[in-house]
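**Q** Sequence and predicted structure below; questions after.
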Amino acid sequence: MKVATYNVNGINGRLPVLLRWLQQAQPDVVCLQELKASDDKFPRQALLDAGYHAVWHGQKSWNGVAILSKSEHIKEYSRGLPGDEEDTHSRYIEATVNGLLICCLYLPNGNPAPGPKFDYKMEWFKRLQKRAKYLLKLELPIILVGDFNVMPTELDVYKPERWVDDALFRPEVRKAFKNLVAQGWTDAIRELHPNEIIYTFWDYFRNAYGRNAGLRLDHFLLSPDLAKRLKKAKVDKEVRGWEKSSDHAPVWIELGK
DNA sequence: ATGTCCTCTCTTAGAGGA
């Protein structure tokens, strides 16, 4: 089973790129972030025509997450991250697909830091930790997947010294990610490629992709039983080089039986 | 400071976000 994540940076502006990649990569499940579209603007029919059923949690202009599935047996489990009634951002959705619980997330960017946006990021992280801890107790096969807006270690960022004060790399953010993983999750990419430089995002600025000045922001966290089924993990890096591409590349893992 | 690209609107330029 192939499970992918892709921050599309505007699903309608990016639809040709998304469809081309889906056709080529044929993932079974795909988590999307940054739809930048309200629920009624979600391209449901185009994705159905491409062979994908979907659940989505949209929002006008910003954020928005979705889970696509080749199997029609996709069922929304919950939407919105619990713990803050006031939180209006669409950043979290869960669905079951053939017995697997997929949790698709778009963690806040948090810049500029310090400031209210950074505080929101850290609060969101706390709520995610709480939700993740609860989910682990269910003893289901679970994937927490998406754009975490965190580079977990220095290996995950080109020129780490330039990023130490950034909301994506500040020590407290890395610590929050580490604490989350320590609950019992497995960072799929690092499990299979512990020492390799792997990026999933390249800024639009300054030819970042051409210089491979990237960041690793998109992660798969696997529950313990699922970690045993992990076979392969890869970034479809070439997609970032396509015309009208997102600033992220699609990332995927292969799970065995 | 800058660079780029997306979306939306008090829209064809500028603002906000990343």
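**A** Alright, I've got the coordinates.
**Q** which residue ranges form the helices in the stretch 151-257 of chain A?
**A** A:171-181, A:188-192, A:224-227 (DSSP state H, counting those that start in this stretch).
**Q** Which among those helices is found nearest to DNA strand B?
**A** Among those, helix A:171-181 comes nearest to DNA strand B, with 14.4 Å by Cβ to the nearest atom of the strand. Backbone N, C-alpha and C define where each C-beta goes, glycine included.
**Q** and the closest one, average pLDDT?
**A** The pLDDT scores in helix A:171-181 average 97.
**Q** Can you spell out which helices and strands pack onto it?
**A** Using 3 or more Cβ pairs under 8 Å, 6 or more residues apart in numbering; DSSP states H and E as the contact test, the elements touching helix A:171-181 are helix A:116-136.
**Q** Kindly format the C-alpha coordinates of the helix or strand following the helix it packs on as PDB.
**A** Using DSSP states H and E, the helix or strand that follows helix A:116-136 in sequence is strand A:142-147. The C-alpha trace of strand A:142-147 is given here as PDB (Å, rounded to 0.1, in the frame of the first residue of the first chain):
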ATOM      1  CA  ILE A 142      -2.300   4.800  12.400                       C
ATOM      2  CA  ILE A 143      -0.300   7.300  10.300                       C
ATOM      3  CA  LEU A 144       0.100  11.000  11.400                       C
ATOM      4  CA  VAL A 145       1.100  12.600   8.200                       C
ATOM      5  CA  GLY A 146       1.400  16.000   6.600                       C
ATOM      6  CA  ASP A 147       3.300  19.300   6.600                       C
END
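**Q** Please list the outside residues in contact with strand A:142-147.
**A** Strand A:142-147 is contacted by residues A:3, A:5, A:7, A:31, A:33-34, A:65, A:100-107, A:128, A:132, A:135-136, A:185, A:217-223, A:226, A:248 when judged by Cβ atoms under 8 Å, 6 or more residues apart in numbering.
**Q** Out of the helices of the stretch 151-257 of chain A, which is the most enclosed?
**A** Mean neighbour count (mean count of other Cβ atoms under 10 Å) peaks for helix A:188-192 among the helices of the stretch 151-257 of chain A, with a mean of 20.
**Q** I would like the residues contacting that helix, please.
**A** A:152, A:198, A:216, A:219-222, A:227, A:230, A:232-233, A:251, A:253.
**Q** dump the residue contacts of residue A:208.
**A** Contacts of residue A:208 by Cβ under 8 Å, 6+ apart are A:202, A:214.
**Q** Does residue A:46 lie in a helix or a strand, and which?
**A** Counting by DSSP H and E, residue A:46 is found in helix A:44-49.
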